[in-house]
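S.K.: structure here, sequence nowhere to be found:
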């Protein structure tokens, strides 16, 4: 009969319409500013710089190697390297960025800077409500605005941050073990230099 | 003698519809549909010459969304082009990723671990389901049913996009595949969520079909409209559901067996008449086949690494040479052609976009039809302007 298909389709619509009164699963939308869907852990919006400890300038992990600047597809990162060095988390002397700007109006949230960073210094934020009145200066973040503590990183990406911390701790332990071994070797050498006869006697 | 015959054959083979002559009464009306027409899926212009309601000439005008993708990629490293491929066909970023990764893997000579291949298949088929659902929704919207079917499709698409987001971090710009594998591994909870969504998909397709397939208005508007003959489709290089809607059995998944598609059992739905309804039906059936593939892949997913251990993320220099990687994207054959001169970035980078090539026969399908049908025929091609103009 002509019109059968239309009636069938309308029955489907009616089923969904009345179904939404009895089943919450059929309600697929939320009223955004009042209700919010929690962001997933993997979510990524714009990058930030991680620092350890309380002082953002002293604890900044970035060593200004400029790999992210080179690899960034839309070239939204600008870095100036320092002339002097400061110790990093294992105590090794490293450069640091005197300037680290990200133009988030250009950034396309691709996460490539995070992937290429060998120092776990740049990570993705999940904050997406960033509207500002100043569209040039307000969206050009400098290194102070970009820096976030490691605790904050843990709060938004717990699993990933845990893995990163474990990796860094391992690296630190390795460096410390190496330093300890080197110190012991140096001490042994110094001791050997102090009384060479004993060493010669032991060696023969 | 023979040459002439061949020529005649070739002219026959092209099988263009006869040129529509105006009836001589009054003047032709030239209308520029687009670039801001709501039916044009973005910024696309059709210069249509009308004799009354009938289309006499139609000229597609591309290029309003040109972003210089290919030239940018030639100046950027191989890795840096990956997020740009998301933005070609922004409905199916994962298949774009795959095609590009495949081309680079061929160029470098990398192997992809089993698990990564399975993950790629799962994600690509999920992409196909959501693309076909929403493209049918858009088609019906252009028919005048503003909202309902499209929202039904988007409701389902939302679930799939949530899966993409929880895995890749982004709903549409996934940037997930890497040369020699995938970026992050799937977790057990993600697989459970996927199984749940996939279990609900057949019911969704049934519902969609109950809503639409036997609808008399849809049949009246779609059947016998915008016929694409198989000879013309082959000669014009059309691919994807457009080609199969015309009854040509050609699917890169079956022809190339790229990835691990030879391990799955699935069929290729074919149309009979090459009209809009056939294309609609082919998309519906392809969704059903895709669901089957996902189920098989989820069942067989092996454990193991997801990245080739020898794969380098950045700073690799492929040997001089060329490679063409192609896959069956939801819209048709998507290919990336790369030439390397041994440097850090490709010497030549070329995209073979299915949307653009499927769009070239628009005039042939539209001639002689009414203006209202042009909107519908255009919708049935299923294009995304980001891919047409690049």
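M.R.: That came through, no problem. Everything numeric here is computed off the predicted structure, so don't read it as measured data. Residues are numbered from 1 along each chain as shown, chains lettered A, B, ... in the order given.
S.K.: residue A:80 is in contact with residue A:66, correct?
M.R.: No. Counting by CB atoms under 8 Å, residue A:66 sits too far from residue A:80 to count as a contact (9.5 Å). Bear in mind the C-beta positions are built from the backbone N, C-alpha and C, glycine included.
S.K.: these two: which is more packed in?
M.R.: Counting neighbours by other CB atoms under 10 Å in any protein chain shown for residue A:66 and for residue A:80 shows that residue A:66 has the greater number, 16 against 13.
S.K.: now the helices for chain A?
M.R.: A:4-22, A:56-59, A:67-71, A:112-116, A:143-146, A:150-156, A:158-194, A:196-203 (DSSP state H).
S.K.: what is the third one packed up against?
M.R.: To tie it back to what came earlier, the one meant is helix A:67-71. Packing partners of helix A:67-71 (3 or more CB pairs under 8 Å, 6 or more residues apart in numbering or on different chains; DSSP states H and E): strand A:77-81, helix A:112-116.
S.K.: again with the fourth one
M.R.: Secondary-structure packing of helix A:112-116 (3+ CB pairs under 8 Å, 6+ apart): helix A:67-71, strand A:122-124.
S.K.: for residue B:355, find the nearest of the ones you listed.
M.R.: The closest approach between residue B:355 and any of the helices and strands packed on helix A:112-116, judged by CB to CB, belongs to helix A:67-71 at 29.1 Å.
S.K.: tell me the mean pLDDT over that closest one?
M.R.: Mean pLDDT, helix A:67-71: 87.
S.K.: now swap in stretch B:103-122 and tell me
M.R.: Mean predicted confidence for stretch B:103-122 is 89.
S.K.: before we move on, back to that, deepest-packed of the helices and strands packed on helix A:112-116, please.
M.R.: strand A:122-124 (a mean of 23; mean count of other CB atoms under 10 Å in any protein chain shown).
S.K.: mind checking the SS state of residue B:49?
M.R.: strand (DSSP: H, G, I helix; E, B strand; the rest coil).
S.K.: I figured it hits residue B:27, correct?
M.R.: No. With contact defined as CB under 8 Å, residue B:49 does not reach residue B:27; the gap is 10.1 Å.
S.K.: neighbour-wise, which of those two wins?
M.R.: More neighbours surround residue B:49 than the other of residue B:49 and residue B:27, with 16 against 7 (other CB under 10 Å).
S.K.: dig out what that one forms beta bridges with.
M.R.: Counting by DSSP bridges, residue B:49 is bridged to residue B:30, residue B:57.
S.K.: can you pull the contacts of it?
M.R.: Residue B:49 is in contact with B:28, B:29, B:30, B:31, B:55, B:56, B:57, B:58, counting by CB atoms under 8 Å, 6 or more residues apart in numbering or on different chains.
S.K.: count the neighbours of the second one for me.
M.R.: For residue B:29, the tally of surrounding residues (other CB under 10 Å) stands at 13.
S.K.: returning to that earlier point: tabulate the helices and strands packed on helix A:67-71 (TSV), appending distance to residue A:136.
M.R.: Formatted as TSV, the helices and strands packed on helix A:67-71 follow (distance: least, CB to CB, whole Å):
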stretch	distance to residue A:136
strand A:77-81	14
helix A:112-116	22
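S.K.: quick one, which of the contacts of residue B:49 has the minimum pLDDT?
M.R.: Minimum pLDDT for the contacts of residue B:49 is recorded at residue B:28 (79).
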